[in-house]
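Trainee: Provided below for reference: sequence and predicted model.
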Amino acid sequence: MSESPKKSAQTLLSRIRDGEELSFADRFLLVAYLAVPAIVSEFSTILMHYIDASMVGHYGAQAAASVGLVSTTIWLFWGCTSMFLSGFVVQVAHRIGAKEFSQARSIMAQGIAVVTLASSAMACIGYLIHARLPFWLGASAEIASQASSYFLLVTAAFPFSILCWLSSGMLRSSGDIKTPSVINVGMCVLDVIFNFFLIFETRDMTLFGVSLRIPGAGLGVQGAALGTILSEVIGMACLGYILLVKSPLLAIRGRLAEVRFSMLALRRALTIGAPIGAGRIFMTAAQVASTMIIAPLGTVSLAAHTLAITAESLCYMPGYGIAEAAATLSGQTLGAKRPELARQLAWLNVGVGAAVMATMGVVMFFGARLIMATLSADPAVQALGATCLQIEAFAEPLFAAAIIANGVFTGAGDTFKPVLMNLFSFWGVRITAAYFLAPVFGLVGVWSAMCGELCLRGAMFLARLKYGNWTSAKTLR
């Protein structure tokens, strides 16, 4: 094929907007063109967290435990801000699907303004609570100081992180998944480089028989936070320039006079995003509760849990990449008023994602011990984390169904019922089961509860994908 993947994806999306039919081969190519860059982006992000965790893990079990302790609260902050974020991104995809490009640019600009204010407010809250947070979560004094400083640094940079995510989301909603994916890979490379010099002290290394003196700041977990922040600031600058200046559909340079803020766009953003934001808040609160269940099990269990979560993310990252493609296709296809095509593309995305994640689950099951050995030098942490990964491997195909179907529903603007399904599954099954299993079986009991809950959630989302009326979401227009 003479066209580049990016041009081919845009050509196929244009055919959807123009009402043309797509063959199965065209639909499969479109899914591939959008999903592959998104998967690469997700892989690089997870690899960045994997390398971060490995560096911090090798710095010591206390360092890994301190990061894991506050991670769920950081996700909670993300959930609060995403109340606005997703609502604007989905609206932009709908407007592009309907070929209302001027309105799409106005919604994008309004989203940037609102998200900047919301993320700045969350950064202020982070400053106010950082000193007491580790103790609220039940941390021991030996890890509280590191956990507090890590949380403070990450939340202080929240506006940069959120704007980076928003810019990526806006470009993806226009069908340009390749550009933010490439920039995300670059961010991950920068993060690894920054961490290499910021986490560890100055040390001697031998490379190809040559002894080298490697400078280092020796900042530990604070160095990991700073490395991520620096890479995100650079990434945000690149993404913002491309979005606002270079994007064929969304650039506002020279078009500022067209930008109009409206209360209708804000209300629709809240209608779409409020269930997502509230759901993420309650889901992350459940993860905080999970951390509180695990923390009393000891430093080894908390470190093994934190590192195993990072390792498992390598398995499910293709699902989130495909979910991004599914959200873009769902939004633009329904914006073009083509519900039957939206369903066909949704099932194609779910099928591809389940097959990929099932394969990753097999790799994770047999490679669990090797994976954990790269993340921690502690034999107890390695053994416990490997057992958890092997349990979780059985849930991956249905976990894929839940992730990707949820992406489809989000792109459609159908967010309320999926959030309720997630909350019932997480709070009603996972947390309840973990609460009773942890005192008896320890961390293995917690991960067994997680595996069962993910299987149930996947079955629920498949049922809604088949029988639900998600193609008629009232937020489309």
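Mentor: Nice, I can see it.
Trainee: Quote the end-to-end distance of stretch 120-137.
Mentor: End-to-end distance of stretch 120-137 (C-alpha to C-alpha, to the nearest Å): 24 Å.
Trainee: What distance do you get for the spatially most central residue of the chain to Glu392?
Mentor: Centroid-nearest residue in the chain: Tyr320, 7.0 Å away (criterion: C-alpha atoms, centre = their mean). Noted for Tyr320: a distance of 16 Å to Glu392, by C-beta to C-beta, to the nearest Å. Using the backbone N, CA and C atoms, a C-beta is placed for each residue, glycine as well.
Trainee: Ok, Cys80 next?
Mentor: 28 Å.
Trainee: Also Gly445?
Mentor: Using C-beta to C-beta, one gets 13 Å for the distance from Gly445 to Glu392.
Trainee: Between the two, tell me which one has more neighbours.
Mentor: Ranked by neighbour count (other C-beta atoms under 10 Å), Gly445 and Glu392 place Glu392 first, with 25 against 20.
Trainee: check contacts around the more buried one.
Mentor: Applying C-beta atoms under 8 Å, 6 or more residues apart in numbering to Glu392 gives the contacts 308, 312, 315, 364, 447, 450-451, 454.
Trainee: let's go with 6 Å and repeat that
Mentor: Glu392 makes contact with 312, 451, according to C-beta atoms under 6 Å, 6 or more residues apart in numbering.
Trainee: so which strand or helix has the residue nearest to Ala346 when sequence neighbours are not counted?
Mentor: Nearest residue to Ala346, sequence neighbours excluded (C-beta to C-beta, 6 or more residues apart in numbering): Val408, at 4.4 Å. Val408 is located in helix 396-412, with elements delineated by DSSP states H and E.
Trainee: buried residues in that helix?
Mentor: Residues of helix 396-412 classed as buried: 396-412 (neighbour count, 16 or more other C-beta atoms under 10 Å).
Trainee: Show the subsequent helix or strand relative to that helix.
Mentor: Moving toward the C-terminus from helix 396-412, the next helix or strand (DSSP H and E) is helix 416-423.
Trainee: tell me the mean pLDDT for that following helix?
Mentor: The average pLDDT within helix 416-423 is 90.
Trainee: next one: stretch 199-214
Mentor: The average pLDDT for stretch 199-214 rounds to 76.
Trainee: What of stretch 286-297?
Mentor: Mean per-residue pLDDT for stretch 286-297: 82.
Trainee: Go through that stretch and flag the buried ones.
Mentor: Using 16+ other C-beta under 10 Å as the test for burial, stretch 286-297 gives 286-291, 293-295, 297.
Trainee: again with stretch 198-211
Mentor: Result for stretch 198-211 [16+ other C-beta under 10 Å]: buried residues 198-200.
Trainee: got it, and stretch 429-444?
Mentor: Within stretch 429-444, the residues scored as buried using 16+ other C-beta under 10 Å are 429-431, 433-435, 437-438, 442-444.
Trainee: any chance of these in JSON lines, with pLDDT, distance to Ser102 and secondary structure too?
Mentor: Output for the buried residues of stretch 429-444, formatted as JSON lines (pLDDT from 0 to 100; distance: C-beta to C-beta, whole Å; DSSP: H, G, I helix; E, B strand; the rest coil):
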{"residue": "Val429", "pLDDT": "92", "distance to Ser102": "46", "secondary structure": "helix"}
{"residue": "Arg430", "pLDDT": "92", "distance to Ser102": "45", "secondary structure": "helix"}
{"residue": "Ile431", "pLDDT": "91", "distance to Ser102": "46", "secondary structure": "helix"}
{"residue": "Ala433", "pLDDT": "94", "distance to Ser102": "51", "secondary structure": "helix"}
{"residue": "Ala434", "pLDDT": "92", "distance to Ser102": "50", "secondary structure": "helix"}
{"residue": "Tyr435", "pLDDT": "92", "distance to Ser102": "52", "secondary structure": "helix"}
{"residue": "Leu437", "pLDDT": "94", "distance to Ser102": "55", "secondary structure": "helix"}
{"residue": "Ala438", "pLDDT": "91", "distance to Ser102": "54", "secondary structure": "helix"}
{"residue": "Gly442", "pLDDT": "92", "distance to Ser102": "58", "secondary structure": "coil"}
{"residue": "Leu443", "pLDDT": "93", "distance to Ser102": "54", "secondary structure": "helix"}
{"residue": "Val444", "pLDDT": "93", "distance to Ser102": "56", "secondary structure": "helix"}
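Trainee: Output stretch 335-354 in CSV with nothing but the alpha carbons.
Mentor: What follows is stretch 335-354, C-alpha atoms only, in CSV (Å, rounded to 0.1, in the frame of the first residue of the first chain):
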residue,chain,number,x,y,z
GLY,A,335,-21.2,11.3,15.4
ALA,A,336,-21.6,10.4,11.7
LYS,A,337,-24.9,8.7,12.7
ARG,A,338,-23.8,5.1,11.7
PRO,A,339,-24.8,2.9,14.7
GLU,A,340,-24.6,-0.4,12.9
LEU,A,341,-21.0,0.2,11.8
ALA,A,342,-20.2,1.3,15.4
ARG,A,343,-21.3,-2.1,16.7
GLN,A,344,-19.3,-4.0,14.0
LEU,A,345,-16.2,-2.0,14.9
ALA,A,346,-16.8,-2.5,18.6
TRP,A,347,-16.9,-6.3,18.4
LEU,A,348,-13.9,-6.3,16.1
ASN,A,349,-11.9,-4.3,18.7
VAL,A,350,-13.0,-6.6,21.6
GLY,A,351,-12.2,-9.8,19.7
VAL,A,352,-8.7,-8.6,18.8
GLY,A,353,-8.0,-7.3,22.3
ALA,A,354,-9.1,-10.5,24.0
